[in-house]
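S.K.: Just the structure for this:
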Amino acid sequence: MSSALQARLLTAALSAAALAAVALAVPTGQATAAQTLAAPDISVTNVKAHLTQLQSIATANSGNRAHGRAGYKASVDYVKAKLDAAGFTTTLQTFTSSGSTGYNVIADWPGGDTDNVIMAGAHLDSVTAGPGINDNGSGSAAILETALTVASSGYQPTKHLRFAWWGAEELGMIGSTYYVNSLSTANKAKIDGYLNFDMIGSPNPGYFVYDDDATIEAVFKDWFTAKGIATEIETEGDGRSDHAPFDDAGIPIGGLFSGADYIKTTAQAAKWGGTSGKAFDACYHASCDTSSNINDTALDNNSDAIANAIWTLSGTATTPPTGTSFENTTDVTIGDNSTAVESPITVTGVTGNAPTALAVAVDIKHTWRGDLVIDLVAPDSSTYRLKSSSSSDSADNVITTYTVNASTETANGTWKLRVQDVAAQDTGYIDSWKLTF
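M.R.: Take a look at the predicted model:
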């Protein structure tokens, strides 16, 4: 992240969609759907293994991975080798900055509509002062593991997927600007969205979402809301990282950020945990930005949010037959006598409207189910009441299948299970739920 980042976000507004306070130790899980229609879980262990390699590269090359230095080229070689082995079509784009050759790694996943491209990027270079593991090994490793998961899962999206690792961001977004300027007007128009990930594992993290494109922003916010994680608007959307040249070219942009060297407020610590009065990343642009300068929970959550956005925005080439199920198995904690929580399922590839007998299978673990109000929320925000609260219903758990006449609703889109505990003393969580069309 460029040095121009050092004075912002002190007045960032809380997202209107954000839930109430949630600590960093929010449970994580895996969302799955029939026919690979939802993103698989991204292994944070694998993401951290990439960070270990980047740290080793920096250690072996004067402690950094900066533009024009041997550590940067070694980082490029590591990323490209992984992508080549996974079956990506990779391009090493060169440019010159400050008298040295720079490199962008561009990786295309074969297939998908090349007239409609979803692209994700992160800068791979560090500053000369340190190895740059949070800034920005974290974003680079997360999109690398997401790309490798695309390959290992055999994902065949409707849209074309492209990933990029930029050089010389720390000198002023040189690599990404070079790439965008090299595109013809027609090829710029083919990019439906560019997603940028610059610092996503800060040791005292926040959860910030770019607000430039409403569709992309909603995909990220919906995912975090379903996890019970509050977000704030990321003023990085004003153009201080590699999304800037895409935004200038009129390409829709979005992204995530976990905070740099400015100070976490008391209100932010109440939402996210961590330490108020301390920088989100006290090692920003410093020699201590090493592999120990990472918050695993933030890295895990943001990596999964990246994959969800890639899968959601790129769609699927599979047309599910009648009776196809879409399932979310991510655990979502239900607050005791608190605000409603939501769990999303993104439906794609289903023609027309939902059926008159849409099956909604629910598995909720709760110590007093009479406290619960359960709704199904359609993609257009229409709400279908599945269960009302009842003081006399003292049994545990809600494990049943409801039938909903949803024939007026378009099938494709993000459906949500909304659950609220309206009385005190009992607790639970959404274990899983499933839609069958």
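
S.K.: So what's the residue count around G167?
M.R.: Applying other Cβ atoms under 10 Å, we find 31 residues neighbouring G167. All C-beta spots, glycine's among them, are computed from the backbone N, C-alpha and C.

S.K.: where are the low-confidence patches of the protein?
M.R.: Low-confidence segments of the chain, defined by pLDDT under 70: 1-37, 236-239, 316-322, 351.

S.K.: Helices along that one, start to end?
M.R.: Secondary structure of the chain (DSSP state H): helices at 44-59, 70-86, 139-153, 174-182, 185-189, 214-226, 244-248, 266-272, 296-314.

S.K.: can you redo those as a markdown table with distance to F257?
M.R.: Below are these laid out as a markdown table (distance: least, Cβ to Cβ, whole Å):
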| stretch | distance to F257 |
| --- | --- |
| helix 44-59 | 17 |
| helix 70-86 | 21 |
| helix 139-153 | 9 |
| helix 174-182 | 16 |
| helix 185-189 | 24 |
| helix 214-226 | 11 |
| helix 244-248 | 14 |
| helix 266-272 | 13 |
| helix 296-314 | 9 |
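
S.K.: T330 is nearest to which of those helices?
M.R.: Smallest distance to T330 across the helices of the chain (Cβ to Cβ): 7.2 Å, for helix 214-226.

S.K.: any idea what sits nearest the residue of the chain most remote from its centre, other than its immediate chain neighbours?
M.R.: Within the chain, the residue lying farthest from the chain centre (Cα atoms, centre = their mean) is S392, at 41.1 Å. Distance criterion Cβ to Cβ, 6 or more residues apart in numbering; nearest residue to S392, sequence neighbours excluded, is G370 at 6.6 Å.

S.K.: That neighbour: neighbouring residues, count only.
M.R.: For G370, using other Cβ under 10 Å, the count is 17.

S.K.: measure it to D336 for me?
M.R.: 14 Å (Cβ to Cβ, to the nearest Å).

S.K.: Torsion angles phi and psi at the residue farthest from the centre of the chain?
M.R.: Main-chain torsions, S392, degrees, to the nearest 10: phi -90, psi -10.

S.K.: quick one: contacts of stretch 409-419?
M.R.: Contacts to stretch 409-419, defined as Cβ atoms under 8 Å, 6 or more residues apart in numbering, come from residues 222, 226, 312, 328, 332, 334, 340-354, 360, 362, 364, 372-380, 382-383, 430, 433, 435, 437.

S.K.: What subset of those residues is buried?
M.R.: Buried by 16 or more other Cβ atoms under 10 Å: 222, 226, 312, 328, 332, 334, 340-350, 354, 360, 362, 364, 372-379, 430, 433, 435, 437, out of these.

S.K.: just checking, which of those residues belong to strands?
M.R.: 328, 332, 334, 341-347, 360, 362, 364, 372-377, 430, 433, 435 (DSSP state E).

S.K.: show me the contacts for V404.
M.R.: 357-358, 360, 376, 384, 386.

S.K.: Sorry, slip of the keys, the one I care about is S98.
M.R.: S98 neighbours (Cβ under 8 Å, 6+ apart): 67-68, 168, 171.

S.K.: S138 too?
M.R.: Applying Cβ under 8 Å, 6+ apart, the residues contacting S138 are 51, 197, 199-201, 258, 294, 299, 302.

S.K.: What count of nearby residues applies to D336?
M.R.: By other Cβ under 10 Å, 15 other residues sit near D336.

S.K.: Equivalent analysis for T128, please.
M.R.: 17.

S.K.: Surely it touches N61?
M.R.: No. Using Cβ atoms under 8 Å, T128 makes no contact with N61, being 11.1 Å away.

S.K.: Now do the shared contacts for these two.
M.R.: R69.

S.K.: So F280 is in contact with A269, correct?
M.R.: No. Under the criterion of Cβ under 8 Å, F280 makes no contact with A269, lying 10.7 Å away.
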